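**Q** The amino acid sequence is not available; the structure is as follows:
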């Protein structure tokens, strides 16, 4: 099973539904993998991309702190599967004794942790083949800015915050 290294290109919004999409792009710039996420997950990933620190640590900061405190290190973040339109991912750790541990994670959490640890997101080749791959060689995709996301969050009705499954 082959994995392709991808990086977060940005966060954009589906033009018809305004649901945020995290865009992963391969190193060669030939394939892009879109992952639809909730507005809160998009905000967290966008904050990591832009290097914005919140007053309180995010879940990803806490997870990274726990991993480091236990003498371990994140060595790999991967999108491993696509079943019934749901992406699955894992985080691979190396302990101080050399043991390799793999844990399941939500793709959005794994991606935010990869950004925090300055790691690529590894995507199983079969996942890319199953998904809707977008050719973005022309780089004509418009990505959200921090201001776009903040505007959406500020105007989001309170009932929307419980709408997405976490």
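**A** Thanks, I have it. Note that the coordinates shown come from a computational prediction; the quantities given were computed from them, not determined experimentally.

**Q** Mind pulling up the pLDDT for the nearest residue to residue 61 once chain neighbours are set aside?
**A** Nearest non-adjacent residue to residue 61, counting by CB to CB, 6 or more residues apart in numbering: residue 116, 6.9 Å away. In this view, the C-beta of every residue, glycine as well, is placed from N, C-alpha and C. Confidence at residue 116, expressed as pLDDT, is 88.

**Q** go on, residue 154?
**A** 61.

**Q** what about the residue of the chain positioned farthest from its centre, which SS state?
**A** Each residue of the chain has a distance to the centre, and by CA atoms, centre = their mean the biggest one is for residue 97: 28.6 Å. Of the three states, residue 97 takes coil under DSSP: H, G, I helix; E, B strand; the rest coil.

**Q** how much space between it and residue 71?
**A** For residue 97, the distance to residue 71 equals 8 Å [CB to CB, to the nearest Å].

**Q** same deal with residue 96?
**A** The value you get for residue 96 to residue 71, if CB to CB is used, is 3 Å.

**Q** and what of residue 62?
**A** 17 Å.

**Q** so who does residue 86 touch?
**A** Applying CB atoms under 8 Å, 6 or more residues apart in numbering to residue 86 gives no contacts.

**Q** Beta-bridge partners for it, please?
**A** Per DSSP bridges, the residues bridged to residue 86 are residue 83.

**Q** Which parts of the chain are strands?
**A** 3-13, 20-26, 32-36, 73-83, 86-94, 100-105, 121-124 (DSSP state E).

**Q** With distance to residue 50 and mean pLDDT as added columns, please give those strands in TSV.
**A** Formatted as TSV, these follow (distance: least, CB to CB, whole Å; pLDDT from 0 to 100):
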stretch	distance to residue 50	mean pLDDT
strand 3-13	10	91
strand 20-26	14	91
strand 32-36	18	88
strand 73-83	19	95
strand 86-94	22	95
strand 100-105	22	96
strand 121-124	18	96
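
**Q** among those, which is nearest residue 42?
**A** strand 20-26 (3.3 Å; CB to CB).

**Q** Might you calculate how far the closest one sits from the centre of the chain?
**A** 8 Å (CA atoms, centre = their mean, to the nearest Å).

**Q** ditto for stretch 27-38
**A** 10 Å.

**Q** Can you point out the buried residues in that stretch?
**A** Burial within stretch 27-38, assessed by neighbour count using 16 or more other CB atoms under 10 Å, is assigned to 31, 32, 33, 34, 35, 36, 37, 38.
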